[in-house]
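**Q** Just to be clear, the model below is a prediction. Sequence and coordinates:
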Amino acid sequence: MKDKINQLSQEFEADSSKINDLNELETLRLNYMGKKGKVTELMTHFREVPAELKKEMGMLINNLKNSIEEKIVALKEKLNQKAVELEISKAKAFDITLPVDTKVGSLHPRTILQKQVVDIFASMGFIIEDGNEIETEYNNFIAVNVPDTHPARDMQDTFWLDNGEVLKTQTSAAQNRILRTYGPKCKVLFPGRCFRNEAIDASHENTFFQIEGVVVDENVSVANLIYFMKRMLNGVFKKDINVRLRPGYFPFTEPSFELDASCPFCGGKGCSTCGNSGWIELCPCGMIHPNVLKMAGVDSEKYNGFAFGLGFDRLVMIKSGLDDIRHLNAGEIKLLKQFKTKIN
Ligand code: FA5
């Protein structure tokens, strides 16, 4: 056994002198110290050693084992150092004056357009507010004149939470809080993400954006509503856009309207974007129902106002030429990148 130990020691010296990198070192380690390695194999023969030699042989095997382990650790350090030096030598060849290849992100078409719309309303004196995404049943429904048993609750498929609150189905959910905060004389715009538990298709998402506005003062009229909407549309499309109102129904406005914009692409002649009608349905709106004002503590005898709830994703689609709302939530980088300049 003593000869075998010496032989292994010499073999290891010879083998280790040929090692050039960390992979080779690992192979060497396994060859000697692995489960089926030469040292491990030698140890399985230890039981055959006569009892009187066991102590001496045991010490020799242990010394061999320790010495191989120490040499492997030392070699590893040496090779690691060599690898670092190699990297540094490569780095010397790196030209730091070359332009860096960084991937620059771009804003989402929603974000670009929302900033434009917000800027337009801000320039007309609107305060820009935010709404919660989780709302109380009171704010989302009751405070906008949709009590428990009102059939209008069926118009919006709602995500109810276990605690009785809802994922906001409409930006109108912020009306009560906003009127309480800024009323009775105020102009406020509040964009927000809304959620409805609906079947998804090219024009319906379960998560979508609206931009809502309210104006409350003395003697507010439908003409004021038309004025602000036209200013917004002219700003967004950078041309003169006509609007028309059709009768609509919302529990929180009376009268209620659907506001259509003349098609910005064909100027009203008819094209594929407007379905050859010359008009694009854009924005439900109306004069705020007195009940909504009263519930927000506003004197509805003295003050009145209008509200609108722009289906913002629809506007984004029209502006960016997308025919399917699902693109907006899909995170398709190749598609989104195109709007960096296109939507400006
Ligand atoms: C409302 O949500 C009202 N709160 C709007 C309003 C505000 C009216 C203030 C009067 C005064 P409606 O459910 O129609 O209304 O939604 C408004 C717009 O949001 C729609 O015209 C549509 O463009 C958009 N919208 C509604 N549901 C979805 C959906 N599932 N996916 C994408 N857009 C949607």
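**A** Received, thanks.
**Q** Please read off the pLDDT at the residue of the chain at minimum distance from the ligand from the model.
**A** Using CB to the nearest ligand atom, the closest approach of the chain to the ligand is made by G311 at 1.7 Å. The way it works is simple: take the backbone N, C-alpha and C, and place the C-beta from them, glycine included. Per-residue pLDDT puts G311 at 96.
**Q** just G305 next, same as before
**A** For G305, the model assigns a pLDDT of 98.
**Q** A strand includes it, no?
**A** Yes - secondary structure of G305 (DSSP: H, G, I helix; E, B strand; the rest coil): part of a strand.
**Q** wait, it sits on N219?
**A** No - the pair G305 / N219 is not scored as a contact, 10.1 Å apart, by CB atoms under 8 Å.
**Q** OK, contacts around the residue of the chain closest to the ligand?
**A** By CB atoms under 8 Å, 6 or more residues apart in numbering, the contact list for G311 reads F208, Q210, L282, C283, P284.
**Q** Tell me which helix or strand the fourth one sits in.
**A** If I follow you right, that is C283. Taking DSSP states H and E as the definition, one finds C283 inside strand 279-288.
**Q** List the contacts of that strand.
**A** With CB under 8 Å, 6+ apart as the test, strand 279-288 has contacts from 175, 214, 216, 220, 222, 225, 229, 233, 244-245, 248, 250, 252-264, 268, 273-274, 304-311, 314-315, 318.
**Q** now stretch 26-35
**A** Here stretch 26-35 makes contact (CB under 8 Å, 6+ apart) with 8, 12, 15-16, 19, 37-40, 65, 68-69, 72.
**Q** Narrow those residues to just the buried residues.
**A** Neighbour-count burial (16 or more other CB atoms under 10 Å) applied to the contacts of stretch 26-35 gives L8, F12, S16, I19, G37, K38, V39, K65, I68, I72.
**Q** tell me the contacts of the closest residue to I241 other than its chain neighbours?
**A** Computed as CB to CB, 6 or more residues apart in numbering, the closest residue to I241 that is not its neighbour in sequence is L233, at 4.1 Å. Neighbour list for L233: I241, V243, A261, P264, L282 [criterion: CB under 8 Å, 6+ apart].
**Q** interface residues of this protein facing the ligand?
**A** By CB under 6 Å from any ligand atom, the residues of the chain that approach the ligand are 170, 172, 196, 198, 204-205, 208, 210, 212, 250, 252-253, 284-286, 307-309, 311, 313-314, 325.
**Q** Mind checking which of these are in helices?
**A** D313, R314 (DSSP state H).
**Q** buried ones in whichever strand or helix holds the residue nearest to I241?
**A** Take DSSP H and E as the rule and L233 turns out to sit in helix 222-237. For helix 222-237, burial by neighbour count (16+ other CB under 10 Å) applies to N224, L225, I226, F228, M229, K230, M232, L233, G235, V236, F237.
**Q** re the thing from before, from N291, how far off is the residue nearest to I241?
**A** 30 Å (CB to CB, to the nearest Å).
**Q** cool, T111 as well?
**A** Distance, T111 to N291, by CB to CB: 35 Å.
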